[in-house]
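Chemist: Make a model of this:
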Amino acid sequence: MTVASAIPAFCQGIAYFGKEVPPLEKYGKIAAIGPDKTAIPSPSDPASVFQTLLAADALRYLTLQVTATKASGHPGGFASIAEAIASLMMLGYKNILTEVGHHAPGFYSNMFLDRSLEDMGIKTVEQLGERFREMHGLLGHLSGQIPGLLNPAGPLGQGQHFAMAGAKLHPGILFPVTIGDGGLGEPYIMSSFGHFHTAYPKVTNFLPILVWNGYSQEHHSMVSTKTNEEMIAYWQGNGFQEIILVNAKDYDDANQPGDYVDSTKFSFPKRLEFTQAVLEATDKAAKSALGGTLTVLIVKQLKGAGVHKRGAASHNLYPGDTLEKDYIVNALQELALPRAAWELVRTNFERSAGGPASHQVVTEKELPLPDLGTLPLKEFPVKGDKQIATTAMGELVGYVGKKDPNFIVSNADGNAASGINNINVALKIIHPTADDAYFQGPNGQVYEPLSEDACAGLAASLALFGARTLWCSYESFAINGLPIWQTVTQAMAELRRPTPSTITLFTAGALEQGRNGWTHQRPEIENYFAAMMRNGNIFPLFPCDANSIQICYEWALGTKNKGVTITASKSPLPVLTTFAQTRQALEDGGVILHESEGKKKVVFAVIGDMTLIPVFDAALHLENKGIGVRIVSIISPRRLYRPSDVAWETCKYPDSHFLDDAGFEKLFAGDALIGVTGGTSAMLEPVMLRSNVKRDTFAWKRGETTASAGEIMAFNGLTAEALAQRAQELMD
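Modeler: Numbering: from 1, shown residues only. The predicted structure is shown next:
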């Protein structure tokens, strides 16, 4: 390629072009990444350094122009790490992740320059601006639908999970992940690194890149007061063995005040020095991480470097921050590149790693999965001995792990406490200390950090990256892991490839935890899933016994791109259904467990397993008065919505099956309907929306310390007497 003078087609829409500069003639005659190469020849090569600097400014320019096109979005944080992102691209590393959703416009600019966004019809800068923050375009935060980008990013403290998941599944591939110093205040980031490294000490091919720019969204970051030595010690104290820090202050010849400075204000020779330092540091850090050393790269540069404002003020654009605003115009003109420079950057980025990221990164391909064969289901006799549902599922989980070496089970509070110690026996807890008494060893498949974020994070991220997983939790504690689980399920709904559903098992429901009191009684978490059901790919399942849970897990394993939660008790309970009944219930939403005739008919729509106990007792009260009773166990409430209630058609792999009106009448028609749940009444919404008979709900109200499940149910009004009385009142 030679230096061009015409405006490249992809540059249509660029507001300002810069003048030709002498170094371009010397170092820009040909692209630093050759036509048959995937990376620059050396991080010290002068032409490579110069073209990396051009790339950093191109990224800054696009980030600012794109956000200003909509007077919305976040340019400042990404601007302070532009040299490192450009370095990764020039070195041929494209499996780049982020913990910072606010860096989205910068990541879109990166994917535009390497032509990945052409896969969604974005070929020019004008189109890049037009589709930023628009439906079917480029979301304000990273999602699962943007070609070439590996991870969604919303709440802080999540991105590292994706990097670790990628590294575990793909040895020999580098997974850099940018981490904002604002986000570093979240406790999850370092604790999750620590546990992962203890569990998988040989998996070091992920590279945190700390964006140490001194500011968070609206103020100084909480780590802005640390000295360089303190920051290095912080990472060392959290187990990192190689800490590489590049401080822009060391290259400042513009006499900028403070510890955080803007490299774009340096003289041109000093800008090149700083860029070379970042390029060489990135190369060293990448090789260190790939070579088996836990490594972090820290780039210390003022937030907003090169864009319209500095510090926290650069974080966000507001209405009025348009392309016509004087400070935005000035910034764009200062960043403006010559036409030939744009062509150089485009050529280098396209050649990097062998082609556009949308055709190269690991998440653009479906991960091969080992065949599970036939699950060893064990059908218990109906009305035989009581069985523990979670233990029955645990047998299947152990089988899956033995068939699939990438499969992991995560649990913060211990499998044994949830009636699934058989998982530990079969798969072993991952721990550097081998101890058969605790079923633990370095090669286990049970991941047990004392953090629900770390449990949900690794399990959900591995599922997004194509592997089978299971996140187990007490229902009462799971809330701390749900933000990333929700982020992943939304990404799965948008994803361009099939991937195993992210599956959970929530045990020890509130009704079993009387003596522990309200600390273990938080079934309000079901509100979360009840709301998410309308997304279209979320399926909360409530098996009613040990047979039912096995079929629910079998079904979940066969699904793709869904979020499936299975909630069950760890207590021995009656077996009420056959396998065939639950298979049908997964289609119809529920199964009839009991039916009697009488002068009138009351229907109990029940969610859960222990809640069936007072319902069956209430049925006896009513039947003694000549009233017929139908008890329906709701297994999959999502099936009971009307198709128009759920955004199923917006999912990439849609599930459009809902119970029709005739089927609904068969289950729930009667003279009175009472919904019963030991959790949130919101989960009964599909039934209450469609029923036209007199109806009421009995649901969880609040926790208390009690001696038994019956006592806590009574405290919440879930008694046979109350149910029978309300049924009688509705019919009268």
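Chemist: Could I get the full set of helices for the stretch 551-700 of the chain?
Modeler: When secondary structure is read from DSSP state H, counting those that start in this stretch, the stretch 551-700 of the chain shows helices at 579-588, 612-623, 661-668, 685-690.
Chemist: Reformat those helices as a markdown table; add distance to Leu245.
Modeler: For every residue, glycine as well, the C-beta is placed using N, CA and C. A markdown table is the format used below for the helices of the stretch 551-700 of the chain (distance: least, Cβ to Cβ, whole Å):
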| stretch | distance to Leu245 |
| --- | --- |
| helix 579-588 | 54 |
| helix 612-623 | 60 |
| helix 661-668 | 63 |
| helix 685-690 | 53 |
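Chemist: Distance check, Gly239 against Phe380.
Modeler: In this view, Gly239 and Phe380 are 46 Å apart by Cβ to Cβ, to the nearest Å.
Chemist: Pick out whichever of the two has more residues nearby.
Modeler: Neighbours were tallied for Gly239 and for Phe380 using other Cβ atoms under 10 Å; the higher tally belongs to Phe380 (19 against 15).
Chemist: Report the contact partners of the more buried one.
Modeler: Listed by Cβ atoms under 8 Å, 6 or more residues apart in numbering, the contact set of Phe380 reads 387, 392, 545-547, 575.
Chemist: now it, nearest residue through space, not along the chain?
Modeler: Excluding its sequence neighbours, the residue lying closest to Phe380 (Cβ to Cβ, 6 or more residues apart in numbering) is Val575, at 4.6 Å.
Chemist: what's near enough to touch that neighbour?
Modeler: Contacts here follow Cβ under 8 Å, 6+ apart; on that basis Val575 touches 380-387, 545-547.
Chemist: Can you list which of those residues are found in strands?
Modeler: Among these, the subset assigned to strands under DSSP state E consists of Gln387.
Chemist: Which of the contacts of Val575 are buried, as a PyMOL select command?
Modeler: A single PyMOL command is used to select the members of the contacts of Val575 judged buried by 16 or more other Cβ atoms under 10 Å:
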select buried, resi 380+387+545+546+547
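Chemist: Looking at the contacts of Val575, which is nearest Val299?
Modeler: Distance ranking of the contacts of Val575 against Val299, using Cβ to Cβ, places Ala546 first at 54.2 Å.
Chemist: could the contacts of Phe380 go into CSV alongside pLDDT?
Modeler: Rendered in CSV, the data for the contacts of Phe380 read as follows (pLDDT from 0 to 100):
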residue, pLDDT
Gln387, 97
Ala392, 97
Asp545, 97
Ala546, 98
Asn547, 98
Val575, 98
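Chemist: which pair in these spans the largest distance?
Modeler: In the contacts of Phe380, the most distant members under the criterion Cβ to Cβ are Ala392 and Val575, with 9.6 Å between them.
Chemist: residues bridging contact with these two, i.e. touching both?
Modeler: Taking Cβ under 8 Å, 6+ apart as the contact definition, Ala392 and Val575 share the neighbouring residues 380, 546-547.
Chemist: Among those, which ones are in helices?
Modeler: With DSSP state H as the criterion, helices contain 546-547 from among these.
Chemist: quick one: buried residues of the strand or helix carrying Leu64?
Modeler: Applying DSSP states H and E as the criterion places Leu64 in helix 46-70. Taking 16+ other Cβ under 10 Å as the neighbour-count basis, helix 46-70 is seen to contain the buried residues 47-70.
Chemist: and what of stretch 426-435?
Modeler: Under the neighbour-count rule (16+ other Cβ under 10 Å), stretch 426-435 has 426-431 buried.
Chemist: Tell me which two of those residues sit farthest apart.
Modeler: Taking Cβ to Cβ, the two most distant members of the buried residues of stretch 426-435 are Ala426 and His431; they sit 15.7 Å apart.
Chemist: Test my guess that His315 contacts His220.
Modeler: No - here His315 lies out of contact with His220, judged by Cβ atoms under 8 Å, at a distance of 11.9 Å.
Chemist: which of these two has more neighbours?
Modeler: Using other Cβ under 10 Å as the criterion, His315 and His220 rank with His315 on top: 20 against 16.
Chemist: Retrieve the pLDDT associated with the more buried one.
Modeler: Turning to His315, the model gives it a pLDDT of 92.
Chemist: Below-threshold pLDDT in the stretch 501-650 of the chain: ranges please.
Modeler: Of all residues in the stretch 501-650 of the chain, those with pLDDT under 70 make up the ranges 508.
Chemist: all strands of it, in order?
Modeler: 502-507, 538-541, 563-567, 572-573, 590-595, 601-607, 628-634 (DSSP state E, counting those that start in this stretch).
Chemist: Tell me what angle the fifth one forms with helix 661-668.
Modeler: Pointing back at strand 590-595 there. Orientation of strand 590-595 against helix 661-668 (axes from the mean of the first three to the mean of the last three Cα atoms, to 10 degrees) gives an angle of 40 degrees.
Chemist: Check which helices and strands strand 590-595 sits against.
Modeler: Under the contact criterion of 3 or more Cβ pairs under 8 Å, 6 or more residues apart in numbering; DSSP states H and E, strand 590-595 touches helix 579-588, helix 612-623, strand 628-634.
Chemist: Pull up the pairing partners for it, direction included.
Modeler: Take DSSP bridges as the rule and strand 590-595 pairs in its sheet with strand 628-634 (antiparallel).
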